[in-house]
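> Pasted the sequence and its predicted model underneath.
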Amino acid sequence: MKNYLIPIFAFSITAAFGFACQVFAHETVDFNGTIEIRVGNEIIKEEVGGQVTVSHWGHGETNGNFDEAIFYFDFGPETTECGDSLDEETVRVSSYRENKYSVKTDDFPLDLSEDGIADVIERILNKYGKTVQNAIDIDECFSITDGSGTTGSGKILSYANRHIKGHVTINNHADEIHFKVKPTMKTFDAGFQNTKEHTLKIHGMLEMSRGNSHTH
């Protein structure tokens, strides 16, 4: 009798291990989309893209549903409107769904990393420096990194991000993520003189294609 129990036990372990691998399967796919930034009367629209690693519940059975998605925004070398050089870089942005929502729904909310999105937005603001200058009424080019920056004459810029909530819609062949956020940019002189606040209205749309994926 004991001899029969051994293969059954081994099969149970293998089946359980296979199920665990399926539940925690990861998939890497391409994504692309746009990020639109409204600054005063100016509108900046930037195309973005890269790769995203997705962890699934049950993998294929969820039909595009996921628990976590880590986006890697790829930016090539560029020259800003002010004539400065921006190096090639990859920006990591993590995102997580709220556990209280069913894994089988075709629509669910998604929290995106504030720091990661802030790095993406700062890259775009630096690229379109002249446009931003006109919108916030400063007469010099600027560079902003890690939430702050300066102009040539010493005017200071401060960028404050906010909590970012997104929404996922699952279509036949792709997942669409939409997010909105209204961070604040401040400008002021030394000693916090002449402080002005500018609200940035940001809308992003990212599309994750489920074709040609790599599972691991």
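Yep, that arrived.
> Give me the nearest residue to N171, chain neighbours excluded.
Nearest residue to N171, sequence neighbours excluded (Cβ to Cβ, 6 or more residues apart in numbering): G64, at 7.8 Å. C-beta here means a position set from N, CA and C on the backbone, and glycine is covered the same way.
> quick one: contacts for the spatially closest residue to G83 that is not a sequence neighbour?
Excluding its sequence neighbours, the residue lying closest to G83 (Cβ to Cβ, 6+ apart) is C141, at 7.9 Å. Neighbour list for C141: T80, C82, G83, D84, G129, K130, Q133, T151, G152 [criterion: Cβ atoms under 8 Å, 6 or more residues apart in numbering].
> Can you turn the buried part of these into a PyMOL selection?
Buried residues within the contacts of C141, by 16 or more other Cβ atoms under 10 Å, are selected in PyMOL with:
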select buried, resi 80+82+129+133+151
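> So which of the contacts of C141 are in strands?
Among those, DSSP state E puts T151 in strands.
> got JSON lines for the contacts of C141, with pLDDT too?
Shown next, in JSON lines, are the contacts of C141 (pLDDT from 0 to 100):
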{"residue": "T80", "pLDDT": "95"}
{"residue": "C82", "pLDDT": "90"}
{"residue": "G83", "pLDDT": "93"}
{"residue": "D84", "pLDDT": "91"}
{"residue": "G129", "pLDDT": "92"}
{"residue": "K130", "pLDDT": "92"}
{"residue": "Q133", "pLDDT": "89"}
{"residue": "T151", "pLDDT": "83"}
{"residue": "G152", "pLDDT": "77"}
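> List the contacts of the lengthiest strand in the chain.
In the chain, assigned by DSSP E, the strand with the most residues is strand 193-209. Outside strand 193-209, the residues that touch it by Cβ under 8 Å, 6+ apart are 29-40, 48, 52, 54, 69, 71, 117, 121, 135-137, 166, 173-188.
> Sheet partners, orientation included, of it?
strand 26-39 (antiparallel), strand 174-181 (antiparallel), strand 184-189 (antiparallel) (DSSP bridges).
> Give me the buried positions along it.
Judged by neighbour count (16+ other Cβ under 10 Å), strand 193-209 contains these buried residues: H198, L200, I202, G204, L206, E207, M208.
> Just name the closest of those residues to T90, please.
In terms of Cβ to Cβ, no member of those lies closer to T90 than L206, at 15.2 Å.
> contacting residues for the closest residue to that closest one other than its chain neighbours?
Nearest non-adjacent residue to L206, counting by Cβ to Cβ, 6+ apart: G33, 3.9 Å away. Neighbouring residues of G33 by Cβ under 8 Å, 6+ apart: E47, V48, G49, I177, G204, M205, L206, E207.
> For the third one, which residues are in contact?
When the contact criterion is Cβ under 8 Å, 6+ apart, the partners of G49 are D30, F31, N32, G33, F73, D74.
> Return the member of those residues nearest to T145.
Of these, the one sitting nearest to T145 (Cβ to Cβ) turns out to be F73, at 16.0 Å.
> Correct me if wrong: the closest one contacts V48.
Yes: F73 is in contact with V48 according to Cβ atoms under 8 Å; the separation is 5.7 Å.
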